[in-house]
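The sequence isn't on hand, but the structure is:
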């Protein structure tokens, strides 16, 4: 199961899903609030966009498709959903790969000027409805491409088809859903994560990150995840934030070797 990040959708896996499908059944979903998935209006406490609810969505999808356990790969927001899924449904995940994140609770707890400058959207998108939605919608194409350019190190990695798909899906409902995703991370998700600080991911875990991005430059990614897992390995790739598109060959090979080992 492949889970995408912001501001994209399942199409972000288009470079590595086909080779992975040679050895696995590949299921790439759109998270709640993104792409073609359900985009409910956010509740006052943002609970309907909590990572707990979004993880439950994914478990239900896999169950409907006949999979009671599975390999799980998540990038960015999808990796945060995957982290929660592994805590709430440890029996479901055989192996986990997390791409270019460290835990949400850790980031908010250690936030400083450098992080806030690079990840300004963490603090902008959580503002009250409809402030960020209104501003983003006014220049949605510019905002989306600015995100991709700012967090990548090679904008040409985004194909014409991928950009068209991201733009097509980045409408008001998606913008609202994604804001609710971030609002939940700054509120109810922190509550859930704070209650589970002593719980660790039990399955074998692979952490990959972009060595040229803020996560790779600022944080000791492997050391941080060692405190939240029981069995982890990982490495930096020579790219920015969007590993599956900026470094697809290396990302695919590392995932393939890990999942088949």
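Okay, I see it. In this text, all values refer to a predicted model and were calculated from it rather than measured experimentally.

ok, the residue located most distally from the centre of the chain to residue 131 distance?
Distance from the C-alpha centroid of the chain, by Cα atoms, centre = their mean, peaks at residue 138 (25.1 Å). Using Cβ to Cβ, to the nearest Å, residue 138 is found at 12 Å from residue 131. In this view, the C-beta of every residue, glycine as well, is placed from N, C-alpha and C.

cool, and residue 201?
In terms of Cβ to Cβ, residue 201 sits 35 Å off from residue 131.

neighbour count winner among the two?
residue 201 (21 against 12; other Cβ atoms under 10 Å).

List phi and psi for the more buried one.
In terms of degrees, to the nearest 10, the main-chain angles of residue 201 are phi -70, psi 130.

which parts of the helix or strand residue 135 falls within are buried?
In this assignment (DSSP states H and E), residue 135 forms part of helix 131-138. Under the neighbour-count criterion of 16 or more other Cβ atoms under 10 Å, helix 131-138 has 132-133, 136 buried.

want to throw the residues you listed into a markdown table with pLDDT and distance to residue 168?
Shown next, in a markdown table, are the buried residues of helix 131-138 (pLDDT from 0 to 100; distance: Cβ to Cβ, whole Å):
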| residue | pLDDT | distance to residue 168 |
| --- | --- | --- |
| 132 | 98 | 21 |
| 133 | 98 | 18 |
| 136 | 98 | 16 |
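
before we move on, the earlier item: what's the following helix or strand after the helix holding residue 135?
Heading C-terminal from helix 131-138 (DSSP H and E), you reach helix 140-151.

Now do the helix or strand following that next one and helix 140-151, the angle between them.
Following helix 140-151 in sequence order, the next helix or strand is helix 160-169 (DSSP H and E). For helix 160-169 against helix 140-151, the angle by axes from the mean of the first three to the mean of the last three Cα atoms, to 10 degrees is 130 degrees.

Could you pull up the mean pLDDT of helix 160-169?
For helix 160-169, the mean pLDDT works out to 98.

any idea how far it is from the chain center?
18 Å (Cα atoms, centre = their mean, to the nearest Å).
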